[in-house]
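Asker: The sequence isn't on hand, but the structure is:
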């Protein structure tokens, strides 16, 4: 990931176009392989473009879950009726998680900062905000940039959230990003990183790793996997305990022995096999879990 802002940059150093904050060297960012990849993915990401195609009378306009589904895992534990001054979302995409938290959990905020490298996804987030009005009354700061250096002040954010993002970021940049998140988080602030790290012990990932090594074309979307201890060590090294002393790293409730697809080809019966996995012990859960969540224990 190539940083497009320097360590002291603020939003005053960005240019606002169509409701989105762009770094002044946006052309340089646009020339990177990562930006071009995620712009391509963002155009059709999980069918989110349906919001742009729906008729005014479409049920999708009335029920956001027809577009987003309902996210699970840690988000189900999120408290009702929580109110914070500011939220920062890393890899906000088209707004799936803030939509859920606003509509189903009645989370309220005064300022929402959403950062993502994909311009198409951010434009769709603004469309979703227009249609569904999540976080009503809040100021929105939608930032198109690489996330490793954040254009926000020290101790300025109450809650940091992220969903299924860190497995797409190289380890060096994740470590830099964690330090940055620790910097901008207020003392006593909280965070939720849901399904954010792939599990290195998971048999499904081990099979994928063998396939990737043999493939002449490398998949730059899914990168390194981690153990729970490695994730905890990265969080500790970031300094986040000074702001948020109590947090947990736990395996997801999604388990896998075999990949459901290999190089885009569906593996027969894999979904049925994986869905029957019901590990009972903590060690078995850590072995077969697809990934890990990390979150502030006082929040949930």
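Answerer: Sure, I can see it. Everything numeric in this text was worked out from a predicted model, so none of it was measured.
Asker: Before we move on, what's the pLDDT of the residue nearest to residue 86 when sequence neighbours are not counted?
Answerer: Nearest non-adjacent residue to residue 86, counting by Cβ to Cβ, 6 or more residues apart in numbering: residue 111, 4.3 Å away. No exception for glycine: its C-beta is placed from N, CA and C like everyone else's. The predicted local confidence for residue 111 comes out at a pLDDT of 98.
Asker: do the same with residue 19
Answerer: Confidence for residue 19, expressed as pLDDT, is 97.
Asker: Which element, helix or strand, includes the residue nearest to it when sequence neighbours are not counted?
Answerer: Leaving aside its sequence neighbours, residue 19 sits nearest to residue 126 (Cβ to Cβ, 6+ apart; 5.3 Å). Residue 126 is part of helix 119-132 when elements are defined by DSSP states H and E.
Asker: residue contacts, the nearest residue to residue 156 once chain neighbours are set aside?
Answerer: Across the structure, with Cβ to Cβ, 6+ apart as the measure, the residue nearest residue 156 apart from its sequence neighbours is residue 184 (5.4 Å). Contact partners of residue 184, counting by Cβ atoms under 8 Å, 6 or more residues apart in numbering, are 88, 150, 152, 153, 154, 155, 156, 157, 160.
Asker: hang on, isn't residue 293 packed against residue 250?
Answerer: Yes - the pair formed by residue 293 and residue 250 meets the contact definition of Cβ atoms under 8 Å, at 5.5 Å.
Asker: Name the residue in these two with the higher neighbour count.
Answerer: The residue with more neighbours, out of residue 293 and residue 250, is residue 293; 24 against 17, by other Cβ atoms under 10 Å.
Asker: can you pull out the strands in this structure?
Answerer: With strands called from DSSP state E, the chain shows them at 14-17, 20-23, 83-90, 108-116, 139-144, 157-163, 185-198, 247-251, 261-262, 265-266, 291-296.
Asker: Looking at the ones you listed, spot the one closest to residue 239.
Answerer: Each of these was scored for nearness to residue 239 using Cβ to Cβ, and the closest is strand 185-198 (9.7 Å).
Asker: Mind giving me the packing neighbours of the closest one?
Answerer: Strand 185-198 makes packing contacts with helix 74-77, strand 157-163, strand 291-296 when contacts are defined by 3 or more Cβ pairs under 8 Å, 6 or more residues apart in numbering; DSSP states H and E.
Asker: Just tell me which of those ends up closest to residue 138.
Answerer: When the helices and strands packed on strand 185-198 are ranked by proximity to residue 138, the top entry is strand 157-163, at 12.3 Å, counting by Cβ to Cβ.
Asker: Partner strands of the closest one and their direction?
Answerer: In the sheet containing strand 157-163, its partner strands are strand 83-90 (parallel), strand 185-198 (parallel), by DSSP bridges.
Asker: where exactly do the helices run in the stretch 151-300 of the chain?
Answerer: Here the stretch 151-300 of the chain has its helices, by DSSP state H, counting those that start in this stretch, at 171-184, 203-214, 228-238, 270-275, 282-288.
Asker: for these, which one ends up most surrounded?
Answerer: Among those, the stretch with the highest mean neighbour count (mean count of other Cβ atoms under 10 Å) is helix 171-184, at a mean of 19.
Asker: could you check the angle strand 83-90 makes with it?
Answerer: Orientation note: helix 171-184 sits at an angle of 160 degrees relative to strand 83-90 (axes from the mean of the first three to the mean of the last three Cα atoms, to 10 degrees).
Asker: avg pLDDT for helix 171-184?
Answerer: The average pLDDT within helix 171-184 is 95.
Asker: Stretch 291-300 now?
Answerer: Across stretch 291-300, pLDDT averages out at 93.
Asker: Ok, stretch 216-232 next?
Answerer: The predicted confidence, averaged over stretch 216-232, sits at 84.
Asker: Between its first and last residues, how far does it reach?
Answerer: Distances were taken as Cα to Cα, to the nearest Å; on that basis the terminal residues of stretch 216-232 are 33 Å apart.
Asker: residues touching the spatially closest residue to residue 209 that is not a sequence neighbour, list them.
Answerer: Of all residues beyond its chain neighbours, the one nearest residue 209 is residue 225 (7.9 Å), with distances taken as Cβ to Cβ, 6+ apart. For residue 225, the contacting residues are 167, 197, 198, 199, 200, 202, 205, 209, by Cβ under 8 Å, 6+ apart.
Asker: what do you get for residue 287?
Answerer: Taking Cβ under 8 Å, 6+ apart as the test, what residue 287 contacts is 201, 202, 203, 279.
Asker: Repeat that for residue 123.
Answerer: Applying Cβ under 8 Å, 6+ apart, one finds that residue 123 lies in contact with 18, 20.
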